[in-house]
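Chemist: Next one to model:
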Amino acid sequence: MLVLLGVGLAIVLPSLDRGLQDREVRRTALGLAAAARELRSRALLDGVPQRLALDLPRNSYVVARSDEVRLPPEITFASVNGGESVGRDQRNFYFFPNGSILGGQIVIADDAKAISYSIRLEALTGKVEVARGSRS
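Modeler: Prediction:
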């Protein structure tokens, strides 16, 4: 009986851990996407461009002039395309009053890069999409 219980736990625990890790990466991606949507709305309402600044070495981002938001320690920016490059390690994405965005794609992943989510910023439409995996 105990052997059966031990075998069952050995099978279930790794998948449970992976599920929790997926949930954390997804939650982080959705939070970043929500911040981007908020910046787009703020640009439309205020008539003033807004900025999302990514700091890759610090594993963080700043929304407009707010406080820095740090990604959880086990989650990193796997890749960042588009936006405006500020030096080697920083990217800015701008949201304009006409609804457009300086577009691109931000991929975040767990440390092992086994689980990733892509936040796609559509330049002309201003649409912000989140998808599991790194879509190109």
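
Chemist: Show me where this structure has its strands.
Modeler: If DSSP state E is used as the criterion, the strands of the chain fall at 50-55, 60-63, 68-70, 75-82, 84-86, 90-95, 104-110, 116-121, 128-132.

Chemist: quick one: Ile119 from Phe77, how far?
Modeler: 10 Å (CB to CB, to the nearest Å). All C-beta atoms are positioned from the backbone trio N, CA, C, and that covers glycine.

Chemist: what touches both of those two?
Modeler: Ile106, Val107, Ile108 (CB atoms under 8 Å, 6 or more residues apart in numbering).

Chemist: who's in contact with the first one?
Modeler: By that I understand Ile106. Leu32, Leu54, Phe77, Ser79, Val80, Ser118, Ile119, Leu121.

Chemist: From those, list just the buried residues.
Modeler: Among the contacts of Ile106, the ones that count as buried by 16 or more other CB atoms under 10 Å are Leu32, Leu54, Phe77, Val80, Ser118, Ile119, Leu121.
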